[in-house]
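> sequence plus predicted model, see below.
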Amino acid sequence: MTDQEFEKWYTAIKGGVSAYEKMEHRVAVIAGYFGGMLPDTTLTAAQVAEILKLRNKK
């Protein structure tokens, strides 16, 4: 996934999780986005780590 594509996904996921306080709800949103990606979508480990940081409310 290019940096531009990642930024679009990251912004969308960040917007989705921002509506929830509990970590389990935020994780569910993230999982939903991952599940909605095309099967051949490739993320780097750094991109996955950046998305997973959204589990915790800052």
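Happy to help now that I have it.

> gap between the two ends of stretch 13-27?
10 Å (C-alpha to C-alpha, to the nearest Å).

> hmm, who's touching it?
29-30, 32-33, 51, 54-57 (C-beta atoms under 8 Å, 6 or more residues apart in numbering). Where you see a C-beta, it was placed from the backbone N, CA and C, and this is true even at glycine.

> and those, which are buried?
With burial judged by 16 or more other C-beta atoms under 10 Å, the buried subset of those is 29-30, 33, 51, 54.

> closest to Asp3 among those residues?
Nearest to Asp3 out of the buried ones among the contacts of stretch 13-27 is Ile51 (C-beta to C-beta; 13.8 Å).

> residue contacts, the closest one?
9-10, 13, 30, 33, 43.

> want to throw those residues into a markdown table with pLDDT?
Shown next, in a markdown table, are the contacts of Ile51 (pLDDT from 0 to 100):
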| residue | pLDDT |
| --- | --- |
| Trp9 | 95 |
| Tyr10 | 97 |
| Ile13 | 96 |
| Ile30 | 97 |
| Tyr33 | 96 |
| Leu43 | 96 |
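
> distance to Ala19 and secondary structure added to the residues you listed, as CSV?
Converted to CSV, the contacts of Ile51 look like this (distance: C-beta to C-beta, whole Å; DSSP: H, G, I helix; E, B strand; the rest coil):
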residue, distance to Ala19, secondary structure
Trp9, 17, helix
Tyr10, 16, helix
Ile13, 12, helix
Ile30, 13, helix
Tyr33, 13, helix
Leu43, 23, coil
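
> tabulate the residues you listed (TSV), appending distance to Met23.
Formatted as TSV, these follow (distance: C-beta to C-beta, whole Å):
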residue	distance to Met23
Trp9	20
Tyr10	18
Ile13	14
Ile30	10
Tyr33	16
Leu43	21
